[in-house]
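Mind folding the following:
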Amino acid sequence: MTQEALNNKIAAFIEVISKDDFRGWNSLEYTAGAEGGGQEVYVSFRAVLRFIAENLNLFTAEGTSNSPLLKIDWRSDKPMFMFSTAISCNLQKCYIRNSLLKTSVGTLAINSKDNKGNAAGIAAFRDIDYFEEKALTDLRDNMRVTSSTSSTYPAIYPSIGNINNIYLNIAYLTDIMVKESDNEEGKVSVRKYLQVLCNGVNKALGSINDLQVVIDEDASTPYLTIIDYQQKRIKGLSGKLSDNKETTLLKGQGLGSMLTNISAQSSITPEVATMISVGAQAQGYVLGEEAVSFSKLSAGLLDRVYPNKVISNAEAEAEAKTAADRAAKVKEKFQEAMNTYASLVEKQKPSSAYGPIILTADDQTDYENVATDFYKYILAQFTETGQTATAFIPIKLSFNMRGIGGMKIYQKFKLSDDILPMSYSTDYEFIIMGISHTVDNSKWDTAVSATISLVDKDPAELEKFSIPLEVVDLSTATSLVNNNVKPLTNAERISNVQKIARYLKSIKITKEGATGLIGNILGESQANEKAAEKNQAIGGLGGIGIVQWTNVRRRALEKAANSDNSKVLDLDFQLAYLGGELKKLYPGVLNVLTATTSIETATVTVLEKFEVPGTYLARGENPTAYQATKQKRYDYALSVKDIVADIYKEVT
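Below is the predicted model:
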C-alpha cells in the first residue's frame, strides 16, 4: 500500500469515527502554564480496536472468503469494574469522561449539522459508564440505586464502566509502538501491543483494574477481545451476561472427572502473605484493607499450636487503644487522599462549556499513585458490606479436559472441594476468562483458564452505603463569598489570640501545642474568624474562618451551623467546631498537641497533618516554597509565645 493510499484510508477512518453515533475521538486543551496552553488528542479504545481489525489484520487470500485470520471484538460492550467517581490519573496515557463529576466533554465537542442534517463536528467524549446493551445499563443503574446514594453530591460507590469508552492519548499510542518495535525485526505483535497498552491504562486508572488481552479459539476464526479480570468484583454481572442461572459443578479428580490435568496458581507477595498469617490469627482484632477478609478465609480452621488464645485485661485495653489509633490514622490518611484526589478531579473540569481544562500544559506530574491508596481504602469498605465481590487470595485456575463445546468466556462454574480447601467450597466460584481447543487425529482437547470470585449474594441481605465525595460540588456555590473582609486591628488580633488560647487550654492542649496551632492560624487567617476566600468558579469552596476550612471541611462546618451564616462566622462556634474536629477526625494531631513541649513540633504537626497547604502538597516539586511556609508559621508562633504563656498562667 502506498503512503498516499494509507493517508486516504486514515482520513476516511477518522471521518467515520468522528460521527456522533461513534464518538471515536476528541481533544483536551490545557490552560496556559509556563509553557503556554497545550492540546492532546485522544481516540477511544473501541476506535483503536476497529482500526486494527480493519487495517492491520491479516485476511485470507483473495478469491476465497476474504475473512480475517483473527477476529477482533471492537463492537461489543466490555464491562470493567470501577468506582462511580473514577477518573484517569495520567492524562498522558488516557482520559475518561465522567458525567457525574462534570469533567470535560472535549474541546471539539461541537454538535453542529451539515446541510443534510448530519453531524458535522466532533461529538463529545462518551461517558465511561455508557453501554449500548440494555442489560448492562440496567445493572449500572441498579448498582447506583442499591448503594443508597444521595443526589446532593457525587458519591463513591461500586459501579461498572465500559472499556470501549476509555480514550487513549495518541502520543502514548505512538510511544508504545516505537518502544515495543525496537528490536531486530522492527515489529510488534498486535497482542503484545494491546497488552502493553492495557498495562499502562491499568496504572492510569488507579491500579484497581486488570485489563487483559484474551484470545478465544472456540470458533473457526480466533477471537480477540479485552477483558477486565477485576470484573469479578461487579455484583450481578454474570447474571446479565448469561441466561443460564445454574452454576455447573466440575469434578476435579477421581471417577466422573472429565479433567486430564489441572493447576491452580496464586501470586502472593511477602506483604500479602504476612497479612494472611496475621489475619488468620487475629480473631477479628486486626484492622487493615484486607486483614478481616483474610481472617474470614480461615474460618473453621483450628490452630493446633495455640488452640486457645487468652488476652489479659491490660493486653486487651492496649490492643483496643492501638486499634483505635490505627483506625484514626487510617481515617486521617483517607481524608488527605480524598482531598488530593478531589483536587485532581477539579483540574479535569472545563473553564467553559468546551473550554480548556484547569490542568496546565506544564503541570503533567504523574498522578498515578494519587488514586492507588485512596481506591484500596474505599474498596475495603465496599468489600466489608458485600457490595463488591472479590477473591481475597487471587487464584487463577487452568485445566485441560476432554473436548467439549458450548463453554464461553464469562460463564461461571464451581469446582469440587477435593482440589481446593474447605473455605472455598461454598462462597466461591470461577469465571471463564479463556478457552482454546486442540484437535488432531487422535484427540480433541479443551484448555480452560479461569479466575476465582465470590458468589453473588441477594442484595437484600447486604448493608449498602456510599461515600460522599462532598468536596466536589455540583451546585452553584453561593454561601459566604467575601473577598473584602476588613482586616483586624492589632488589638483585635491580640484579643482573638487570647480567646483561642483560653479555649485550647480548656481542652487540655499544652502551652507549646497551643502556640504552634495559633502560629498556623495566624498564617491562615491572621486569627480573623470572618476571613473567607472566593469560591472557585468550577465549584470548589474557598477557605473560611480562623483555620480556613476548605471544600469538604468547609461544607461540614456550614452543615454543623445549619446554614446560619452569622453562626459560621462566630469565633466561639468555630473554636467549638475546631475542638470536635480534632477529637473526631484528627486524633493523631490532638495527641501530639496535648503532650508536646516543643513549639516547633506542634507547628510542623498542625501544618502537615491538619492544615495541609498547597506548598506542603507540592513540596517535592518546590521544596523552597514549603520551607518558607514552615518558617513563616514558626515565626508567627514565636511572636505570640508570651501572649499564650500569660493565658496559661491564668487561674481558672
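
residue contacts, Tyr95?
Residues in contact with Tyr95 (C-beta atoms under 8 Å, 6 or more residues apart in numbering) are 28, 42, 88, 125, 167, 169, 348. No exception for glycine: its C-beta is placed from N, CA and C like everyone else's.

Of those, which belong to strands?
Members of these lying in strands (criterion: DSSP state E): 28, 42, 167, 169.

Just put the contacts of Tyr95 in CSV and tack on pLDDT and distance to Val178.
Formatted as CSV, the entries for those read as follows, by pLDDT from 0 to 100; distance: C-beta to C-beta, whole Å:
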residue, pLDDT, distance to Val178
Leu28, 91, 22
Tyr42, 95, 19
Ser88, 93, 22
Phe125, 92, 26
Tyr167, 97, 20
Asn169, 95, 14
Gln348, 86, 27
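
pLDDT wise, what is Pro222 at?
In the prediction, the pLDDT value recorded for Pro222 is 74.

going forward, begin numbering at 13 instead of 1
From this message on, residue numbering opens at 13, which makes the last subject Pro234.

domains for this protein, by residue range?
Taking automatic domain parsing as the criterion, the chain consists of the domains 15-280+402-473, 502-661.

Could you tell me the least trusted of those domains?
Set side by side, those show their lowest mean pLDDT on domain 15-280+402-473, which sits at a mean of 79.

that older thread, can you tell me which of the ones in strands among the contacts of Tyr107 is closest to Leu271?
The nearest member of these to Leu271, counting by C-beta to C-beta, is Tyr179 at 42.3 Å.

who touches stretch 654-664?
Where contact means C-beta under 8 Å, 6+ apart, the residues beyond stretch 654-664 that reach it are 506, 509-510, 513-514, 517-518, 523, 526-527, 530.

So how do I select the buried members of those residues in ChimeraX?
Provided next is the ChimeraX selection string for whichever of the contacts of stretch 654-664 are buried by 16 or more other C-beta atoms under 10 Å:
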select :509,510,513,514,517,523,526,527,530
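
Would you format the contacts of stretch 654-664 as CSV with secondary structure and distance to Tyr638 included?
Formatted as CSV, the contacts of stretch 654-664 follow (DSSP: H, G, I helix; E, B strand; the rest coil; distance: C-beta to C-beta, whole Å):
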residue, secondary structure, distance to Tyr638
Ile506, helix, 29
Val509, helix, 25
Gln510, helix, 30
Ala513, helix, 27
Arg514, helix, 31
Lys517, helix, 30
Ser518, helix, 32
Lys523, helix, 27
Ala526, helix, 24
Thr527, helix, 21
Ile530, helix, 20
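
picking that back up, among the contacts of Tyr107, which pair sits farthest apart?
Checked with C-beta to C-beta, the contacts of Tyr107 reach their widest spread between Asn181 and Gln360, with 13.8 Å between them.

who touches both of the two?
By C-beta under 8 Å, 6+ apart, Asn181 and Gln360 have these common neighbours: 103, 107.

about what we covered before: most neighbours among the ones in strands among the contacts of Tyr107, which one?
Each of those was scored for neighbours by other C-beta atoms under 10 Å, and Tyr179 scores highest at 30 neighbours.

roughly how far apart are that one and Pro368?
Taking C-beta to C-beta, to the nearest Å as the measure, Tyr179 and Pro368 are separated by 16 Å.

Likewise for Arg62?
From Arg62 across to Pro368, the span is 29 Å (C-beta to C-beta).

now Glu196
The gap separating Glu196 from Pro368 is 43 Å, by C-beta to C-beta.

Compare the two (neighbour count), which wins?
Set side by side, Glu196 and Pro368 show unequal neighbour counts under other C-beta under 10 Å, the larger going to Pro368 at 20 against 5.

which residues in the stretch 413-562 of the chain form strands?
Assigned by DSSP state E, counting those that start in this stretch, the stretch 413-562 of the chain shows strands spanning 424-427, 440-451, 456-466, 479-480.
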